[in-house]
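Asker: give me a model of this one.
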Amino acid sequence: MIKKNIFKIILSSLFTLSPIAFGLVMWDELPALMATHWGVNGEADGFSSRTFTVFGLPIILFVLNLVCFFITSLDTKNKRQNKKALNMIFFIMPIISIFASSVIYAVAFGKTFDLSIAFPILLGLLFIIMGNLMPKVRQNNTLGFKFKWTLQSEENWNATHRFGGKIMVLSGFLMLFTMLLPAAAMMITAFAIILVSLISVVIYSYRYCLIELENEDTEFEPIYNKKSYFIAGIISAILVLVILGSTTYVMFSGDVTVTYTDDGFTVDSDYSDPLSLNFTDIKDIDFYDEMEVGDKVMGFNGATLSVGKFKNKALGEHTRYTYNNCSAAVVIKSDGKLLVINAKTTEATKEIYERISSKLHTDTNNNTNNNANNNANNNNGFSSNVGDIDITVSGEGEII
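Answerer: Next up is the predicted model:
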């Protein structure tokens, strides 16, 4: 099998290792420490050296690729395996290697990476592609849904993979839908989709086995009874309802809150981390009757809230904590960055603007008074005692 597919193996290996070539070309431009892992909030929480990132990751995937080839070749049943189905082994690792390295290099060059978009796209497309190939997988010991009863009955194997292929395609499209969710909710929902899909395939396959047993078409002895099958079906139905219900709830719920202190304020929402800002750090503040949301860069854009990093024509890239049903917004400039916030209504948004503006005006007056007092002290002079020497400085700068 290896000799027969040697060209595909070489081509697959080259694509898996191809990110190394880009890393070598851009070596001097890459930082010494590069982000290689992201948390569920989309923020980088794991870093590796430039050497390991450029060489280590592609080489690890390359080795895994060869291991997959080797294990698959040991299965004699794969000698008659469908060519299109066998191609799954050749393209999975190259896709993962190129995709992962592209994200890592993009972040290294200052591009923004949104886990809640990239991960569902990769996983969703893989499920859709593999789902289309599943019905073509012939009975073997390494590829496909390998249950005891599918390995003992070729009819069960074929029926399971036809059904499993449809479930995987449906799951892939559901994965793409999770792009609309916050990163943490996306990860939980994606895991639940995979779990429900696997349970559904197991239930279908085992039910097919029970039918074969009733017709005496197989010698397999069941390890579960019908009651267990019924319970598993109820659990799967509940999980599906929970996933759909929780997704709908997240999309159409959420609040933005602004809390004030003597020195500043904190804006928070249900689907992001809070952001605190001191009044002294605010350079400018404006009120807009209408402000478009724009395109999401990283964060959450549901039916009710838009939270995270966004980009529109009026402001460019900015951080946003806003309700979608209110077009008014308060735009705050601080250290070259823009923060956009609002409330559920235009009137409540104006109150936010007026409260922050009044604090800025108060701080400005206090600073003006302090400067005036300092100038007055300078004009009137001052006196000091250093050891046994009395020093007096007049307003004209003469030492007395």
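Asker: in this structure, which spans are strands?
Answerer: For the chain, the strands defined by DSSP state E cover 33-38, 44-49, 256-260, 264-269, 272-278, 284-288, 295-301, 305-312, 316-323, 329-334, 337-341, 382-386, 389-393.
Asker: and the pLDDT for the residue nearest to Phe109 when sequence neighbours are not counted?
Answerer: The shortest distance from Phe109 to any residue other than its chain neighbours is 7.4 Å, reached at Glu29 (CB to CB, 6 or more residues apart in numbering). Every C-beta, even on glycine, is put in place using the N, C-alpha and C of the backbone. Reported pLDDT at Glu29 in the predicted model: 90.
Asker: gap between Glu29 and Thr72?
Answerer: 39 Å (CB to CB, to the nearest Å).
Asker: and those two? Which one has more around it.
Answerer: Looking at Glu29 and Thr72 with other CB atoms under 10 Å, you find the greater number of neighbours at Thr72, namely 20 against 9.
Asker: that one and Asn78 touch, don't they?
Answerer: Yes - counting by CB atoms under 8 Å, Thr72 does reach Asn78; the two are 5.7 Å apart.
Asker: ok, the residue nearest to Asp284 when sequence neighbours are not counted - contacts?
Answerer: The shortest distance from Asp284 to any non-neighbouring residue, by CB to CB, 6+ apart, is to Lys333 (4.2 Å). By CB atoms under 8 Å, 6 or more residues apart in numbering, the contact list for Lys333 reads 282-285, 339.
Asker: who's Lys333 bridged to?
Answerer: Counting by DSSP bridges, Lys333 forms beta bridges with Asp284, Leu338.
Asker: residue numbering should commence at 53 henceforth.
Answerer: Understood, numbering begins at 53; the last thing we discussed is Lys385.
Asker: quick check: it vs Ile150, distance?
Answerer: Note on Lys385: its distance to Ile150, by CB to CB, is 39 Å.
Asker: same question, Met239
Answerer: Using CB to CB, one obtains 22 Å as the distance from Met239 to Ile150.
Asker: next: Ile393.
Answerer: As defined by CB to CB, Ile393 lies at a distance of 39 Å from Ile150.
Asker: so which of the two has more stuff around it?
Answerer: The residue with the greater number of neighbours, taking Ile393 and Ile150 and applying other CB under 10 Å, is Ile393; the counts read 23 against 17.
Asker: was I right to think the more buried one contacts Ile404?
Answerer: Yes - Ile393 is in contact with Ile404 according to CB under 8 Å; the separation is 6.5 Å.
Asker: give the residues shared as contacts by these two.
Answerer: Here Ile393 and Ile404 share the contacting residues 310, 382, scored by CB under 8 Å, 6+ apart.
Asker: what are the structural domain limits within the chain?
Answerer: The domain map for the chain lists 53-165, 167-303, 308-411, with the assignment taken from automatic domain parsing.
Asker: tell me who's in contact with Ala73.
Answerer: Applying CB under 8 Å, 6+ apart to Ala73 gives no contacts.
Asker: what pLDDT does it get?
Answerer: In this prediction, Ala73 carries a pLDDT score of 94.
Asker: Pro110 versus that one, what's the distance?
Answerer: From Ala73 over to Pro110 the distance is 10 Å, taken as CB to CB.
Asker: that older thread, just the buried members of the contacts of Lys385?
Answerer: Members of those that pass the buried threshold by neighbour count (16 or more other CB atoms under 10 Å) are listed as 334, 337, 391.
Asker: give me the beta-bridge partners of Lys348?
Answerer: Following DSSP bridges, Lys348 is listed with bridge partners Phe362.
Asker: can you check the pLDDT for it?
Answerer: Lys348 is assigned a pLDDT of 78 by the prediction.
Asker: what's the burial count for it?
Answerer: Using other CB under 10 Å, the number of residues around Lys348 comes to 20.
Asker: contacts only, for it.
Answerer: For Lys348, the set of contacting residues under the criterion of CB under 8 Å, 6+ apart consists of 166, 169, 358, 360-362.
Asker: surely Ala381 and Val345 touch.
Answerer: No - counting by CB under 8 Å, Ala381 does not reach Val345; the two are 9.4 Å apart.
Asker: now for those two: what residues contact both?
Answerer: Listed as contacting both Ala381 and Val345 by CB under 8 Å, 6+ apart are Thr374.
Asker: who has more neighbours out of those two?
Answerer: When Ala381 is set against Val345 and neighbours are counted by other CB under 10 Å, the residue ahead is Ala381, at 28 against 16.
Asker: tell me where the protein has helices.
Answerer: Assignment of helices within the chain using DSSP state H yields the ranges 58-77, 102-103, 109-126, 135-160, 167-185, 200-204, 206-229, 235-266, 278-303, 398-432.
Asker: JSON lines please, covering those and showing distance to Val319.
Answerer: Written out in JSON lines, the entries for those read as follows (distance: least, CB to CB, whole Å):
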{"stretch": "helix 58-77", "distance to Val319": "39"}
{"stretch": "helix 102-103", "distance to Val319": "37"}
{"stretch": "helix 109-126", "distance to Val319": "37"}
{"stretch": "helix 135-160", "distance to Val319": "26"}
{"stretch": "helix 167-185", "distance to Val319": "20"}
{"stretch": "helix 200-204", "distance to Val319": "54"}
{"stretch": "helix 206-229", "distance to Val319": "28"}
{"stretch": "helix 235-266", "distance to Val319": "19"}
{"stretch": "helix 278-303", "distance to Val319": "20"}
{"stretch": "helix 398-432", "distance to Val319": "9"}
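Asker: which one, of those helices, ends up nearest to Ser321?
Answerer: Nearest of the helices of the chain to Ser321, taken as CB to CB: helix 278-303 at 12.0 Å.
Asker: can you tell me the average pLDDT over that closest one?
Answerer: Averaging pLDDT along helix 278-303 gives 69.
Asker: can you count the residues close to the spatially closest residue to Met145 that is not a sequence neighbour?
Answerer: With sequence-adjacent residues excluded and distances taken as CB to CB, 6+ apart, Met145 is closest to Asn117, at 4.0 Å. Applying other CB under 10 Å, we find 23 residues neighbouring Asn117.
Asker: distance of Asn117 from Met140?
Answerer: Shown here: Asn117 relative to Met140, a distance of 12 Å by CB to CB.
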